[in-house]
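S.K.: Structure here, sequence nowhere to be found:
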């Protein structure tokens, strides 16, 4: 039972080992894939620190006792920036200037939010919501662009399609979780926290699915590279 407890407690860390192993073993290459690789490495470090600060709080220095929310905020920022850059650069879009402007607006929002509205030590639902909106818009642009193209591509095996589907699934669910996590927590505080805990369990499950799909996309990228190289 201890192993299941360990896996549950560290369920925001070990799933990232799945795409990380794919990266280390198959070494997918590509100008666009660097954003995904950067994300996997950075997210693993941030999530490890976030859980470490909870599980081993007695080892954390006094100056860092403000909590681990800063790592979750950083993870959301890294997720939004790296995946939006990947989606924008992976193909040509008709309104690419709009997508670039969207990222610039997001960066400005992050600076203003944490400089004037909320300290980075607080889990920012505004920040999570803004990041979700940016990623969902980028994914919609990719899907619309793919629909209007006449192509014989098997989208179920296409790396970028898998990634955009994974991002949409992840953001569509976590958007509502982080939007209502504080209101639900305040409403059930000292009463019944079961629903708040349930939402976090759902988040952990969807994060595992997200990492599996990311690993699958990286593996498919490597297969496409090998096929193109042998052709």
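M.R.: Here it is on my side, so go on. Predicted model only: the values in this text are computed from it and were never measured. Residues are numbered from 1 along each chain as shown.
S.K.: helices or strands up against the helix or strand hosting residue 22?
M.R.: In this assignment (DSSP states H and E), residue 22 forms part of helix 17-26. Contact here means 3 or more Cβ pairs under 8 Å, 6 or more residues apart in numbering; DSSP states H and E; on that basis helix 17-26 packs against helix 33-55, helix 194-230. To be clear about C-beta, it is placed using only N, CA and C from the backbone, and glycine gets the same treatment.
S.K.: Phi first, then psi, for the residue positioned nearest the centre of the chain.
M.R.: With distances taken as Cα atoms, centre = their mean, the residue of the chain nearest its centroid is residue 79 (4.2 Å). According to degrees, to the nearest 10, the main-chain angles of residue 79 amount to phi -60, psi -50.
S.K.: I'd like the numbering to begin with 272 instead of 1 from here.
M.R.: Sure, I'll start counting at 272 from here, so that last one is residue 350.
S.K.: Quickly note the distance from it to residue 402.
M.R.: 7 Å (Cβ to Cβ, to the nearest Å).
S.K.: for residue 370, same thing?
M.R.: 14 Å.
S.K.: out of the two, which sits in the busier spot?
M.R.: residue 402 (28 against 20; other Cβ atoms under 10 Å).
S.K.: Who's the closest spatial neighbour of that one, skipping the chain neighbours?
M.R.: residue 351 (3.7 Å; Cβ to Cβ, 6 or more residues apart in numbering).
S.K.: before we move on, which element is the one you found in?
M.R.: Residue 351 belongs to helix 340-360, assigned by DSSP H and E.
S.K.: right, and the helix or strand after that helix?
M.R.: Following helix 340-360 in sequence order, the next helix or strand is helix 367-383 (DSSP H and E).
S.K.: Low-confidence ranges, this structure, go.
M.R.: The chain contains residues with pLDDT under 70 at 272, 329, 331-337, 421-424, 426, 452-464, 467, 497-502.
S.K.: quick one: buried residues of stretch 430-443?
M.R.: Within stretch 430-443, the residues that qualify as buried are 430, 431, 432, 433, 434, 435, 436, 437, 438, 439, 441, 442, counting by 16 or more other Cβ atoms under 10 Å.
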